[in-house]
Each structure stands twice: as C-alpha cells, then as structure tokens.
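S.K.: this one's sequence-less:
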Ligand SMILES: Nc1ncnc2c1ncn2[C@@H]1O[C@H](COP(=O)(O)OP(=O)(O)O)[C@@H](O)[C@H]1O
Ligand SMILES: O=C(CO)[C@@H](O)[C@@H](O)COP(=O)(O)O
C-alpha cells in the first residue's frame, strides 16, 4: 500500500495584542503545536495616545513576533514536511512603505514617528477624513465608491487613515512610496518579492480600500486627489488586481526560510483578515453568520454571489466577492467594542487597586501586586456570576455599547457609550449586566439589518475569546437573539483558517470548502435560547434602540455620517 507522506501547514494569526502560530496536519487539521507572542512595544502603548484614539503598532513588534512563534512551531517537524504558510492580521491596519516595500517605521529616521507605523484597526484619528470621503463619494459627480462597503466609509479604514497621516506628516507623506495592509506587508516580507507585482489581498482591498472590479479596481485618481491633493499619484503605486487567500503569493525567501527554520520550497498564500480566516475555521457555509467575539466583533456571512447579485446591503462593512470563500460573496459587519466594553468596566473597578493601594501603609508591595493580579484574573468571572443572578425583568439600568464608536449597522465611530437609569441602589453587577446586554443588543441590530436587507441568517456560530470564556455572555446572546449559538471547538480559529488557506495554496486540498471539511474541528456546545427570558429581552431591546436614537440625536455634528435632525425620541422604560 502506498504510504502518504506527512504534510503540515502553518497558520499565523496577528491579533490586536499578540500573534500566534499553529502547526497543523494539512490532511486532518490535527494541531501539532501552537505558540503565542505578545507585542513588546504595544504592551507599553508606545506610539499610541488613547486619549486621541491613536493606536499605532511598530513593524518590529510584528517581525519579532513572527520569528518567535513560527520558529517554535516549525521545530516540531522536519522542515520539508511544512508545505504551506498563510498569514491573517487585523484590519484595516495599513502602514507606509518605501519603493522596496520596507516599512518606514524600520528606517532609523522614522523609528520614533507614530505616523510611520502601522495604523491599527481601532485607531480613530481619521474621523474627519472618513466624513469627507462619505460626503465626496456622494457629491463628486461620479461613482459612489462606498456602495459595496455598506454605503458609509469608516475612520477605521485604509483611505481615511492614509489621508489623515499624509495631511499630518509631510515627511511620511513624501517618503511613503506606497501603503500596505499589515496582512500584505508580512506576506511580501516572507516571500521577498517585488512590491510592484506583489499579490494584494482581495479581502483587505475589497472590504477596506473601496476596491471593486466594476470600476477597475481602486477609486479613480480624480476622486482621490479631489479628496486630498497629497494623494496624487499614489493610486498608480498601489495595485489594480487583487487575489483571494487560497492563491499562491510566492515561496519563502531564502532569508526568511532560514530565519524561521523552514524550507524555501514552502508555499506562502495571499494574506487575509483575522475574522475572515476565523470564519473559515468556524466552518462557515451559505447564510451562516460566524461571530468572532473578542475585544471587538466581526460578523461574517457568506452567500452565493449568484443569489445576492448586485443587491447592496446598507450599513455593513462591505460585500466582497471571494473575501472569505473564493466563489462566494463575503459580507462583514461588526461591533467596535465587545469584550473591550467589559474590560473597560473592569478597569474602572480596578482604579483604586492601581492608584490607591500603592499608598497603603498596611499591605506590602508584594501583597499589593498579588491582590491586583488576583482581582484582574477573577473580576469578570465573579461579576458574571453576580450579574446572572439579576432578574432582567427587574433590571432598570440600560447601556449603549458605543465606547469605541459604532462600526455597524451604519458606521459612526464618533458615537460614545452611555448609561441610564442609575439610582443610589444600582450595584456593580447590575451595571455589568446592562453592559453585557448592550453588546448583545448591538449584535441583534446587526442580525436584523442583514435580514431586513434580504440576507437570511440561518445559523449563528461563535468563535473568539469571549465565546470560549463567558457562558454568561453567550447565554444572554442566545436569549437576546432568540437563536441557538454554536460554539466552534478551535481555540485558535483564525490561525486554523489561515492554515486551511495555506493547505489549498500548497495544493493539498483543491478548494477551501474541501479544506474546511477535512481540517475543521467541529463544535463544542450550543447555547439554546431560554424561552422564559426572550420576551423581557425583547422589551429591553426596544428601550436600548430608543436610548440609542436619543444619544445619536444629541451628538449631531460629531459623526462620520451626518445624522438627520429629528425630534428627540422619548424613551420609555418599564
Ligand atoms: N470571563 C469573561 N467574560 C467576558 N469577557 C471576557 C472574559 N474574559 C475575557 N473577556 C474578554 O475577552 C476579550 C479578549 O478576547 P480575545 O479573543 O482573547 O482577544 P482579541 O480580540 O484580541 O483576539 C477581552 O476584551 C476581555 O474583556
Ligand atoms: O475588523 C477586523 C477585520 O475586518 C478585525 O481585524 C478587528 O475587528 C480586530 O479584531 P480582534 O479584536 O483582534 O479580534
């Protein structure tokens, strides 16, 4: 009998705080090894200014992380058995590069300049530029380039960020030959190819850079220079074609094969975004929504292109042919804060531990540190237990989940979070419950938007940190959505999805659907909605929506999308 030789693939997933790699058997998906690295400079928020919503990441954090995690997993098997590697990253996270594709942040003259670093997805410094793009797209007399991106361009995305940085920083503007999404830049680095002929990611370009085949790729030069004269000529130095993540971007360069302990014969697939790769590992199929629930959420849906046709889904983060599964339309929505909203509340409660405890004359510094660590590790779990005991029918506190703006439906990153109905009797678990409900109501608005726009959601699948860590959030979500939520087994779904793309690019599986079947790890559990809770949540959802309209109306003039002046809505609470 013929013996099949072992074949492994590596998926590299760059998240917000850390990068991880998994080494998996390309035929079965069985995980052989995994490794995680937290970005060193990011940990201390170098290059960032949270007060201004400025979040930048240095390319050395990415490079150091890549070497650390890939070397560790690669050493588990002989180098010639690793057939493919693929990278997914957060997005839109673009950075400026020179004509050789070197990230400007790596050059000594730009090493300390935040504008020369990668502009992380959650950086909202480009609010004004996003508003201008929205206004100009509708009024410049040509194509509305936002139409396949939900009709509203966001400050989280490619062109808004580039326009903002080139306006702020003349030195970066003139040194930036081109700009690259993080997922493209790492893939270029690994393959050592030419920048001009490099295969850029369809997923990144279609969802964030207003790339569409129907208008010949990126928005016209005339539109871009109308937006910002400093963008003149950049379009020609970017790209026209884009490629799906199952395609070969190249092979590992000699230098990177050596640095990672791999063979130069290893195929490197085209890059993708974390949520899209995660959806592949979550075994997404037509009309399923995979919710990637971490600090933020990305809600990914796929549908046969032939069935959606040219129908535009308003208010989401775009619909792109082949952005998740080649041959199908990939649709993306999401919330800018999900676990982050709960982390914000935890930080509020921890304030005395951080700032008052250090003045204690009773507790030693060691005891203080131990107390801080214990609190940090257990607070969300304990709050969840206490909040689960609060009866939603009797709960008065209402929250809005927009602490990091609203990504969808209808992007408006200028919106802020809010709490109402606080009394002298309000307790921390009640506020926590309101925050958990708010992130679930935000999710419900997204599901409703898809369905109102004619995209049926037949099942909801959960992946990501919160899906794994919080039964309370998942049960609340099932009750609020009044739908079952299936939780995928994989702990590292985006990395596994990237590994699936790598296996197709390396020729081990003919297409992504076959790779999903062979390499998928299935589902761990399903949260069923509790019928006794559904009606209460439905009533509170109506209050959440009224509260949202009230706050949005009150913040007119601070948005990416001008809010129509309406009468301030009345909010009725039970
Ligand atoms: N027990 C918990 N209950 C609810 N949320 C939690 C819990 N533990 C961690 N989280 C949230 O999970 C988020 C991190 O999710 P994760 O998927 O690991 O991160 P990322 O989005 O960076 O990939 C944090 O925002 C944190 O607040
Ligand atoms: O927006 C996208 C992808 O389109 C994500 O990269 C972004 O939400 C970051 O996700 P994580 O918080 O790292 O899970």
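M.R.: Happy to help now that I have it. These numbers come from a predicted model, not from an experiment. Ligands and ions are numbered 1, 2, ... in the order given.
S.K.: For stretch 46-60, buried residues please.
M.R.: Using 16 or more other Cβ atoms under 10 Å as the test for burial, stretch 46-60 gives 46-48, 53-60. For the C-beta atoms, the positions are set from N, CA and C on the backbone; glycine is no exception.
S.K.: of all the residues you listed, which two lie farthest apart?
M.R.: Greatest spatial distance among the buried residues of stretch 46-60 (Cβ to Cβ): 53 and 60, at 23.0 Å.
S.K.: Show me the buried residues of stretch 46-60 that map onto helices.
M.R.: Those of the buried residues of stretch 46-60 mapping onto helices are 59-60, per DSSP state H.
S.K.: need the residues of the stretch 151-300 of the chain near ligand 2, please.
M.R.: 273-275, 292, 294-296, 298 (Cβ under 6 Å from any ligand atom).
S.K.: Going by distance to residue 468, which of those residues wins?
M.R.: Nearest to residue 468 out of those is residue 294 (Cβ to Cβ; 9.8 Å).
S.K.: Hmm, residue 462 and that closest one touching each other?
M.R.: No - between residue 294 and residue 462 there is no contact under Cβ atoms under 8 Å: 11.0 Å.
S.K.: who's more crowded, the two?
M.R.: Ranked by neighbour count (other Cβ atoms under 10 Å), residue 294 and residue 462 place residue 462 first, with 28 against 23.
S.K.: gap between the more buried one and residue 492?
M.R.: Separation of residue 462 from residue 492 (Cβ to Cβ, to the nearest Å) stands at 15 Å.
S.K.: Quick check: beta-bridge partners of residue 18?
M.R.: Beta bridges link residue 18 to residue 38, judged by DSSP bridges.
S.K.: How many residues are close by it?
M.R.: The burial count for residue 18: 16, using other Cβ under 10 Å.
S.K.: now swap in residue 373 and tell me
M.R.: Residue 373: 11 neighbours (other Cβ under 10 Å).
S.K.: again with residue 363
M.R.: If we define neighbours as other Cβ under 10 Å, then residue 363 has 13 of them.
S.K.: check contacts around the closest residue to it other than its chain neighbours.
M.R.: Leaving aside its sequence neighbours, residue 363 sits nearest to residue 357 (Cβ to Cβ, 6 or more residues apart in numbering; 6.7 Å). The contact partners of residue 357, by Cβ atoms under 8 Å, 6 or more residues apart in numbering, come to 363, 368, 371-372.
S.K.: So what does residue 100 have for phi and psi?
M.R.: phi -90, psi 0 (degrees, to the nearest 10).
S.K.: Strands along the stretch 201-350 of the chain, start to end?
M.R.: Here the stretch 201-350 of the chain has its strands, by DSSP state E, counting those that start in this stretch, at 248-251, 267-269, 272-273, 288-293, 297-304, 319-321, 328-335.
S.K.: contacts for the third one?
M.R.: Meaning strand 272-273. Strand 272-273 has contacts (Cβ under 8 Å, 6+ apart) with 86-91, 183, 201, 203-204, 207, 245, 298, 323, 497-498, 501.
S.K.: need the contact list for the residue in the stretch 151-300 of the chain positioned nearest to ligand 1.
M.R.: For the stretch 151-300 of the chain and ligand 1, the shortest gap (Cβ to the nearest ligand atom) falls at residue 294, measuring 2.1 Å. Shown in contact with residue 294 (Cβ under 8 Å, 6+ apart): 15-16, 338-339, 464-466.
S.K.: Just give the nearest non-adjacent residue to the residue positioned nearest the centre of the chain, would you?
M.R.: Nearest residue to the geometric centre of the chain (Cα atoms, centre = their mean): residue 90, 5.1 Å. Closest residue to residue 90 apart from its sequence neighbours, by Cβ to Cβ, 6+ apart: residue 121 at 4.7 Å.
S.K.: Is that neighbour within a helix or a strand, and which one?
M.R.: Under DSSP states H and E, no helix or strand contains residue 121.
S.K.: For it, give its distance to residue 513.
M.R.: For residue 121, the distance to residue 513 - Cβ to Cβ - is 28 Å.
S.K.: In the stretch 1-150 of the chain, what residue comes closest to ligand 2?
M.R.: For the stretch 1-150 of the chain, Cβ to the nearest ligand atom, closest residue to ligand 2: residue 90, 3.4 Å.
S.K.: Equivalent analysis for the stretch 451-574 of the chain, please.
M.R.: For the stretch 451-574 of the chain, Cβ to the nearest ligand atom, closest residue to ligand 2: residue 464, 6.2 Å.
S.K.: Can you tell me the number of residues neighbouring the nearest residue to residue 231 once chain neighbours are set aside?
M.R.: Once flanking residues are discounted, residue 231 sits nearest to residue 224: 4.5 Å by Cβ to Cβ, 6+ apart. The tally of other residues near residue 224 (other Cβ under 10 Å) stands at 25.
S.K.: per-residue confidence for the residue nearest to residue 151 when sequence neighbours are not counted?
M.R.: In space, and not counting its chain neighbours, residue 151 is closest to residue 314: 5.1 Å by Cβ to Cβ, 6+ apart. Looking at residue 314, its pLDDT is 92.
S.K.: gap between residue 314 and ligand 2?
M.R.: Distance, residue 314 to ligand 2, using Cβ to the nearest ligand atom, to the nearest Å: 18 Å.
S.K.: Surely that residue and residue 453 touch.
M.R.: Yes - with contacts counted by Cβ under 8 Å, residue 314 reaches residue 453, the gap being 6.2 Å.
S.K.: If you count surrounding residues, which of the two has more?
M.R.: Each of residue 314 and residue 453 has its neighbours counted (other Cβ under 10 Å); residue 453 has more, 18 against 13.
S.K.: Now the more buried one: closest residue in space that isn't a chain neighbour?
M.R.: Per Cβ to Cβ, 6+ apart, closest to residue 453 is residue 313, 4.4 Å.
S.K.: just residue 334 next, same as before
M.R.: That would be residue 298: by Cβ to Cβ, 6+ apart, it lies 4.3 Å from residue 334.
S.K.: what's the neighbour count on residue 33?
M.R.: 17.
S.K.: in the helix or strand hosting residue 538, what counts as buried?
M.R.: In this assignment (DSSP H and E), residue 538 forms part of helix 531-554. Buried residues in helix 531-554, counted by 16+ other Cβ under 10 Å: 533, 536-537, 540-541, 543-552.
S.K.: Tell me the one among those nearest to residue 215.
M.R.: For the buried residues of helix 531-554, the residue nearest residue 215 by Cβ to Cβ is residue 552; the value is 31.5 Å.
S.K.: Pretty sure that closest one sits against residue 412.
M.R.: Yes - Residue 552 is in contact with residue 412 according to Cβ under 8 Å; the separation is 7.4 Å.
S.K.: Up against ligand 2, what does the stretch 1-150 of the chain have?
M.R.: Residues of the stretch 1-150 of the chain lying near ligand 2 by Cβ under 6 Å from any ligand atom: 15-16, 90-91, 121.
S.K.: Kindly identify which of those also come near ligand 1.
M.R.: Counting by Cβ under 6 Å from any ligand atom, the members of those near ligand 1 are 15-16.
S.K.: Perfect, I'm done here.
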